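Student: could you work out the structure for the sequence below:
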Amino acid sequence: MADLAHPYVAGVERVEAELDELAGLDPGFLSLADKRQALLSMARVSSRAQALESRVIACAEDVADAEGFRDAAAWLAHRAHASSTSVRRAQRLGLACEQRWHRVGAALGEGRMSIDQGHVVVASLDEVCCAGRLLEATAAEWADVLVRAEAYLVEQAVDFGPRALQRLGERLLEVVAPEWVDELEERRLRDAERAARRRTTLKVQRLGDGTALIKARVPESVALRLTTLLESFANPRREDAETAEPGADGRRVPYERRLGEAFCSLLESLDPSRLPLHGGDATTVVITMDLAALVEGLGSATLADGSRITAGEARRLACAANLVPAVLDTRSVPLDLGRATRLFSPGQRKALAIRDGECRASGCSIPATWCEAHHLRPWSEGGKTDLENGLLLCSHHHHLVHDDRYLHERLPNGDLRFARRT
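Tutor: Sure thing, here's the model as predicted:
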């Protein structure tokens, strides 16, 4: 006499037989009302079937052990040719309902909650569990919070879908335990800030083509501060981050490039006297170059780390940055390590800002606060650092002054007009 099937297995076989019968019918002949009813019923039946499957997976470790699989999810994914991800997700739901959230399991089995709602609710309840450990609450008082939280979300599942339930779950403690909300928020923010500081890194990788790749991971507050500073230099006039703004030569400059150029301008505008001592002196960049290169603007210059830049770039930096040029004569003997009056003083910059108001390049309206002080007669040629020899230029036009591809002339009103060499 053949062994009788367990009632559970027999029930599953009956369901499968009913599905065989349904598969032979054509739903295209259903009326509008019947299609509506069929869709809702099938969705409910499918969800209940998945919930029941997750319960079986949760208690089927002996099946996996009998055939040497890691767990029931791995066994089922292999045997049923199913997605490992989806089966393991069902396993997590089944274990959660069997071990912790019995009301959720009952609602899923009875069809009062969809499988998608179940995943969202369990995730929210597990977050509340973690919050209890973070707050160091006693087991008794937090157990009561968990009971109220589970009952609340199961009740709300009658009226709200997965997305709305997720939003409710994010503010669950405000409903079931408002007395803990402020302390939890403070602890979470403090832990997040500590973790952010531990993960802070910065790496500079020289690419060998005249550029370097800078990769940094910093706290969000630092990133926001940096972005704010860069946008003040970039002077963004855009509706969103994808908008590109035309450059002075008519080409459109991507927002990312403008931020990169703003980063360079930000570093050049730093006051070394306010930085920590570096090698016994205020942080200083030393550029080594021949005297002829400095005067004529031709040739190259060497930075302290061995990197090379053009003489024109070195002359531009000498106007704006607090660097010390180590000038060499034809015998490569140091002649001068800079003059104290090379840079315009804060008072002079204020006077230039009052006098000029904005960038003095013809047609440019960048505010004076975003501009750099430029020597009309180069400092390297004996030009003085006084108001008569000073002019405000934005970073873009200050680069053009030292760019040998461009000519510039002084207009009667004192502005500079640029023209590209032909």
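Student: which residue ranges of the stretch 101-250 of the chain form helices?
Tutor: 102-110, 115-135, 139-156, 162-170, 172-176, 181-198, 220-234 (DSSP state H, counting those that start in this stretch).
Student: now the longest one: average pLDDT?
Tutor: Spelled out, it's helix 115-135. Throughout helix 115-135, pLDDT has a mean value of 90.
Student: could you name the helices and strands sitting against the lengthiest helix in the chain?
Tutor: Looking across the chain with DSSP state H, the single longest helix is helix 32-58. Judged by 3 or more Cβ pairs under 8 Å, 6 or more residues apart in numbering; DSSP states H and E, helix 32-58 is in contact with helix 72-79, helix 84-99, helix 102-110, helix 115-135. Placement of C-beta: from N, CA and C, glycine included.
Student: same thing but at 6 Å, please
Tutor: helix 84-99, helix 115-135 (3 or more Cβ pairs under 6 Å, 6 or more residues apart in numbering; DSSP states H and E).
Student: buried residues, the following helix or strand past it. List them.
Tutor: Per DSSP states H and E, the first helix or strand lying C-terminal to helix 32-58 is helix 61-66. Residues of helix 61-66 classed as buried under the neighbour-count rule (16 or more other Cβ atoms under 10 Å) are 61, 63-64.
Student: pLDDT below threshold where in the stretch 51-200 of the chain?
Tutor: Scanning the stretch 51-200 of the chain for pLDDT under 70 picks out nothing.
Student: show me what contacts residue 395?
Tutor: By Cβ atoms under 6 Å, 6 or more residues apart in numbering, the residues touching residue 395 are residue 265.
Student: need the residues that contact stretch 53-70.
Tutor: So stretch 53-70 is contacted by 71-72, 75, 90-91, 93-95, 98 (Cβ under 6 Å, 6+ apart).
Student: stretch 202-213 now?
Tutor: 214-216.
Student: as a markdown table, the residues you listed with neighbour count would be great.
Tutor: As requested, the contacts of stretch 202-213 are exported to a markdown table (neighbours: other Cβ atoms under 10 Å):
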| residue | neighbour count |
| --- | --- |
| 214 | 11 |
| 215 | 9 |
| 216 | 12 |
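Student: can you tell me which of those is closest to residue 86?
Tutor: Closest approach between those and residue 86, by Cβ to Cβ: residue 215, at 35.5 Å.
Student: find the nearest non-adjacent residue to the closest one, please.
Tutor: residue 203 (4.9 Å; Cβ to Cβ, 6 or more residues apart in numbering).
Student: what about the one you found, neighbour count?
Tutor: Number of residues near residue 203 (other Cβ atoms under 10 Å) recorded here: 9.
Student: in JSON lines: the helices of the stretch 101-250 of the chain, plus mean neighbour count and distance to residue 343.
Tutor: Formatted as JSON lines, these follow (neighbours: other Cβ atoms under 10 Å; distance: least, Cβ to Cβ, whole Å):
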{"stretch": "helix 102-110", "mean neighbour count": "19", "distance to residue 343": "69"}
{"stretch": "helix 115-135", "mean neighbour count": "19", "distance to residue 343": "52"}
{"stretch": "helix 139-156", "mean neighbour count": "16", "distance to residue 343": "62"}
{"stretch": "helix 162-170", "mean neighbour count": "16", "distance to residue 343": "53"}
{"stretch": "helix 172-176", "mean neighbour count": "18", "distance to residue 343": "56"}
{"stretch": "helix 181-198", "mean neighbour count": "12", "distance to residue 343": "35"}
{"stretch": "helix 220-234", "mean neighbour count": "14", "distance to residue 343": "19"}
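Student: does the residue lying closest to residue 377 once chain neighbours are set aside count as helix, strand or coil?
Tutor: Once flanking residues are discounted, residue 377 sits nearest to residue 383: 3.4 Å by Cβ to Cβ, 6+ apart. Here residue 383 is recorded as coil under DSSP: H, G, I helix; E, B strand; the rest coil.
Student: wait, residue 383 sits on residue 389?
Tutor: Yes. Taking Cβ atoms under 6 Å as the definition, residue 383 is a contact partner of residue 389 at 5.2 Å.
Student: shared neighbours, these two?
Tutor: 375, 377.
Student: ok so, going back, and the helices and strands packed on helix 32-58 as JSON lines, adding distance to residue 148?
Tutor: Below are the helices and strands packed on helix 32-58 laid out as JSON lines (distance: least, Cβ to Cβ, whole Å):
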{"stretch": "helix 84-99", "distance to residue 148": "18"}
{"stretch": "helix 115-135", "distance to residue 148": "10"}
